[in-house]
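Colleague: coords below, sequence missing:
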DNA sequence: GGTGGATGTTGAAGCGCTTCAAAGGCGCAC
DNA sequence: GTGCGCCTTTGAAGCGCTTCAACATCCACC
């Protein structure tokens, strides 16, 4: 920067002003400085800049698993929203690893970012305390926490389950099955609750819950076998899988038994993963609106940053929406 | 940091030593300082740290599209490799946007990162010049550049095409078809070349090339129709789609026409995307080894960083491997 | 008891920038 | 001609840390 100043024949203060407050500098000087910057290939050192200015224009996003399309969507949405500001978005992938998540958070903390969007794996209460003490705003994504000392963006998973249940019931299905395991995961638990509510509301419908060990394809396969093995009279005619992957595996297992989807059994998933596009029978699912989530997260963060001390934490709850396709409504669509 | 020093009753220099050269500090002092750090919740400001030390322990990774499983794998591999060092990995998603890619690169440049892994969309020659002048090492991923002033990690796409061709020929297929468009994309071009070589090597085999406009599902659907419409005598009996998505769409289209896969037509993809898992007929594909790519990239970068001036740029070329599944070999497997 | 070397600790200089008080330059009104 | 206020520019202080030369301490050994 001193070089630039010398080349342009001004002081370093002026160079800094050209970069940060161009309006305070005379047009001619500004151009001269810009010329020198260009000529010398100068790139301002943001470490020094942030240190001196005491404020950082960067937002960090920590996601649980970058292989999960929900988080990809969140990243896209956040990037998009940030793009219009003079800010940057940094991505960090926890890769389902608690320790790694904490390391990312520490790293962002020590970089004194303006704010962090965190999609945590467990209640991040303690970690957040630390960030806040350093003046970093944190917005929690996709996690319903016990504490209300931060803003959150949530998806109403209970509603997702409810929508799924209603959908099948409205299609005339009466013997529903919910397939999903690991109830300690919030989304699984909430979706299950929603399905129960839909069934409870509709006299004449029944619900069977099949608990799987995990949420991988083999679990769905197994569940599908179980369903297909039952006599037609008691066999579920509408199946809600807690994830799309599970749903697709169920369809395959059922298909192997000569049953038709959705003729004999309507099957639907949840999450609207891109995986679901490839199947022979397009899977009905509930779209989780990840992009909106990313956008809303950035908005909350910017709001918190500009509000200062009189900021009131709040939650934004996004409503999922149902995407009906062949696996429940057949070829015709809608 | 001054607070910590005061609390622990030492000088700031000592606190710094505890953090950076613990061996130079007496055990008792170290513990006292650590205690103070803990008590005060001190987190060192990495901006100041990097500025003073003049070196940054962070690596940036810029990928074209975080929704593409190849890049997800690259990120995982890189993260994994970096994880064991006292380094951090920052992710930036270009989202298929040239301007965004440049902005990410500028950002990393101004942060004076130790190094950058770049999966570029076009020849990044100019951008790299700038980074290098600032002392940032750059390794290019997944792009065969005209220039040799940097290290690269490449996947041999020509080999991928060749492997695919050989696979079908060895299965007894004689009338091959290659489906893929946008030949200006390096991977598409190279895979096509590889398939041609495999066919040229095998007397008695023929190759039809179907150019699609894009690489989306509808393109595959159209190509599948074209293939299925031909009389059995001239119809291709082995199809290589340049991507998995294309391959799955082709299978569906062919299936609609009552032809069997792989009985009448063997179909395979390329890329080994997770999308391929969901299909009713598991797709044979060529695995692109993204994780290895990420790992190799980090290794090259570390090598370059430690070698200093006498570093010789070099390329690492990864060999893809074929994953045979039902869409070519039928139920039995292998 | 004195000496030398190893081991610990200190404090100030400096990393590259921003910012602020202060000074310089200029035009305008009186 | 003088004084005032505005627009520009300057230069030094300081952001929070690392590092290095210098200094303090300790111990072994003669």
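Modeller: That came through, no problem. Please read these numbers as outputs of a predicted model, since none were measured by experiment.
Colleague: Hmm, residue A:304 is touching residue A:310, no?
Modeller: No. Contact criterion CB atoms under 8 Å: residue A:304 and residue A:310 do not qualify, at 10.7 Å. Quick note: C-beta positions are derived from backbone N, CA and C, even for glycine.
Colleague: Looking at the two now, which is surrounded by more residues?
Modeller: Neighbour totals were compared for residue A:304 and residue A:310, and residue A:304 leads with 20 against 5 (other CB atoms under 10 Å in any protein chain shown).
Colleague: residues contacting that one?
Modeller: Applying CB atoms under 8 Å, 6 or more residues apart in numbering or on different chains to residue A:304 gives the contacts A:115, A:137, A:139, A:151, A:311, A:313.
Colleague: List only buried entries from the residues you listed.
Modeller: Those of the contacts of residue A:304 that meet the buried threshold are A:115, A:137, A:139, A:151, by 16 or more other CB atoms under 10 Å in any protein chain shown.
Colleague: Can you pull the phi/psi pair for the second one?
Modeller: Torsion angles at residue A:137 (phi, psi; degrees, to the nearest 10) stand at phi -80, psi 140.
Colleague: Let me see the contact set for it.
Modeller: A:114-116, A:301, A:304-305.
Colleague: show me where chain A has helices.
Modeller: A:2-8, A:12-20, A:27-40, A:46-53, A:69-83, A:98-110, A:125-133, A:157-170, A:186-201, A:217-228, A:244-256, A:290-307, A:326-329 (DSSP state H).
Colleague: what would the buried ones among the contacts of residue A:304 look like in JSON lines with pLDDT and distance to DNA strand D?
Modeller: Listed next are the buried ones among the contacts of residue A:304 as JSON lines, based on pLDDT from 0 to 100; distance: CB to the nearest atom of the strand, whole Å:
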{"residue": "A:115", "pLDDT": "94", "distance to DNA strand D": "18"}
{"residue": "A:137", "pLDDT": "92", "distance to DNA strand D": "18"}
{"residue": "A:139", "pLDDT": "96", "distance to DNA strand D": "24"}
{"residue": "A:151", "pLDDT": "95", "distance to DNA strand D": "26"}
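Colleague: Out of those, the closest to residue A:287 would be?
Modeller: The shortest approach to residue A:287 among these belongs to residue A:139, at 21.8 Å (CB to CB).
Colleague: okay but the closest one is in contact with residue A:149, surely?
Modeller: No. Using CB under 8 Å, residue A:139 is not in contact with residue A:149, being 11.8 Å away.
Colleague: neighbours of residue A:138, just the number please.
Modeller: 28.
Colleague: my read: it touches residue A:129, true?
Modeller: No. With contact defined as CB under 8 Å, residue A:138 does not count as touching residue A:129 (9.8 Å).
Colleague: tell me which residues in the least confident helix or strand in chain A by mean pLDDT are buried?
Modeller: When the helices and strands of chain A are scored by mean pLDDT, DSSP states H and E, helix A:125-133 comes last with a mean of 86. Within helix A:125-133, the residues that count as buried by 16+ other CB under 10 Å are A:127-128, A:131.
Colleague: any idea how far residue A:267 is from residue A:258?
Modeller: 15 Å (CB to CB, to the nearest Å).
Colleague: quick one: which of these two has more around it?
Modeller: Using other CB under 10 Å as the criterion, residue A:258 and residue A:267 rank with residue A:267 on top: 30 against 8.
Colleague: what's near enough to touch the more buried one?
Modeller: Going by CB under 8 Å, 6+ apart, residue A:267 touches A:238-239, A:241, A:247, A:250-251, A:254, A:261, A:283-284, A:327-328.
Colleague: residues contacting the closest residue to DNA strand C within chain A?
Modeller: Per CB to the nearest atom of the strand, residue A:1 is where chain A lies closest to DNA strand C, at 2.6 Å. By CB under 8 Å, 6+ apart, the residues touching residue A:1 are A:12, A:15-16, A:42, A:44.
Colleague: Of those, which ones also sit close to DNA strand D?
Modeller: Among the contacts of residue A:1, proximity to DNA strand D is found for residue A:12 (CB under 7 Å from any atom of the strand).
Colleague: how about the contacts of residue A:1 in a markdown table, adding pLDDT and neighbour count?
Modeller: Compiled in a markdown table, the contacts of residue A:1 are given as follows (pLDDT from 0 to 100; neighbours: other CB atoms under 10 Å in any protein chain shown):
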| residue | pLDDT | neighbour count |
| --- | --- | --- |
| A:12 | 93 | 13 |
| A:15 | 94 | 26 |
| A:16 | 94 | 19 |
| A:42 | 93 | 18 |
| A:44 | 94 | 16 |
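Colleague: can you tell me which of the contacts of residue A:1 are up against chain B?
Modeller: residue A:44 (CB under 8 Å from any CB of the partner chain).
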